[in-house]
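[1] give me coordinates for this.
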Amino acid sequence: MTSLILVTKGQNGIADYFLSKKWTLGRAKTLEVPLEGVAIEEVRIWLKSSFLKRSEKETAVYLIKGADNLSIECQNTLLRPLEEPTGGVQFLLTVQSQNRLLPTILSRCLVVEAASVDKKSRENKEEREIWKRVISAWQDSSSACIALSDELLKIGAEKVFLIFFKKLSGGLRQLPTKKKLVVLRTLLDCWRDLRLRVNPRLVMDRFLFEGWKVIQA
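    Below you'll find the predicted structure:
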């Protein structure tokens, strides 16, 4: 697996990144490096003990918090493990500034900005909440669908329809059903009408109402 460098300003960025990867932060083999750094022997012991405790079939995340606080000697100790990680091993180095890492470290890793991860995490959460409310309205009543239509239009019909498409197409790939296919076709028809300048309120009402009828059938 490609070793990663996560540029972040705090613990929240690390937690969000683990969540986005569906990793468990508490199970990571972690080395925390304070501002004053650590002794090179401590890095060697951490590497050795972590690998000794790992089974061949286990996928493990090796996390170094504050890797930019490591001395040059300590960073050099990481070069071979980063370049040739064994199967199922994922190295993740968190830093506040990648500029304090050796070029040989950077060349072995993929650099990721936590800000972009945080933004994607927030967007995914918003999309899940919107779709959850649509499903709830469909399971409730036609009047619930009409009430939700007003709220969705405040977000923006085009944006909401894109979310609907992602959720429906993803659901079809995971578990194809006739109802999902019918709702997706309805969505595409409504989306076409929206782009043909049909009143967004009429289009949104139609999609929610038609979806409700399919779910209730």
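
[2] report the mean per-residue pLDDT for stretch 134-154.
    If you average the pLDDT over stretch 134-154, you get 93.

[3] starting at the chain centroid, how far to that stretch?
    Centre-to-centre, stretch 134-154 and its host chain are 27 Å apart (C-alpha atoms, centre = their mean, to the nearest Å).

[4] residues in contact with it?
    Applying C-beta atoms under 8 Å, 6 or more residues apart in numbering, the contact partners of stretch 134-154 are 130, 133, 160, 164, 200-201, 204-205, 208-209, 211-212, 215-216. C-beta coordinates here come from the backbone N, C-alpha and C atoms, glycine included.

[5] now intersect the residues you listed with the helices, please.
    In helices, judged by DSSP state H, the following of these are found: 130, 133, 160, 164, 200-201, 204-205, 208-209, 211-212, 215-216.

[6] let me see the contact set for the residue nearest to residue 3 when sequence neighbours are not counted.
    Spatial nearest neighbour of residue 3, excluding adjacent residues (C-beta to C-beta, 6 or more residues apart in numbering): residue 91 at 4.0 Å. Residue 91 makes contacts with 1, 3, 4, 62, 64, 78, 81, 82, 85, 109, as judged by C-beta under 8 Å, 6+ apart.

[7] PyMOL command for the buried members of the ones in helices among the contacts of stretch 134-154?
    For the buried members of the ones in helices among the contacts of stretch 134-154, the matching PyMOL selection, counting by 16 or more other C-beta atoms under 10 Å, is:
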select buried, resi 130+160+164+200+204+205+208+211+212+215
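
[8] residues touching residue 102, list them.
    Residues in contact with residue 102, defined by C-beta under 8 Å, 6+ apart, are 72, 75, 76.

[9] what do you get if the cut-off is 10 Å, keeping everything else the same?
    Applying C-beta atoms under 10 Å, 6 or more residues apart in numbering, we find residue 102 in contact with 70, 72, 75, 76, 78, 79, 108.

[10] of those residues, which pair is most distant in space?
    Maximum pairwise distance in these, criterion C-beta to C-beta, is 15.2 Å, between 72 and 108.

[11] quick one: low-confidence ranges for this structure?
    9-13, 16, 19-20, 50-59, 115-122 (pLDDT under 70).

[12] quick check: domain ranges of it?
    Annotated domains of the chain cover 3-119, 141-216 [automatic domain parsing].

[13] residue 72 and residue 108: which is more packed in?
    Taking neighbours as other C-beta atoms under 10 Å, residue 72 and residue 108 compare with residue 108 leading, 20 against 10.

[14] how near is that one to residue 212?
    Using C-beta to C-beta, to the nearest Å, one obtains 53 Å as the distance from residue 108 to residue 212.

[15] same question, residue 201
    In this view, residue 201 and residue 212 are 16 Å apart by C-beta to C-beta.

[16] how about the strands in the chain?
    Assigned by DSSP state E, the strands in the chain fall at 3-7, 29-32, 60-65, 89-95, 109-113.

[17] turn those strands into CSV, including distance to residue 175.
    Below are those laid out as CSV (distance: least, C-beta to C-beta, whole Å):
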stretch, distance to residue 175
strand 3-7, 32
strand 29-32, 35
strand 60-65, 29
strand 89-95, 29
strand 109-113, 31
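
[18] please identify which of those strands is closest to residue 49.
    When the strands of the chain are compared by C-beta to C-beta, strand 29-32 sits nearest residue 49, at 8.5 Å.
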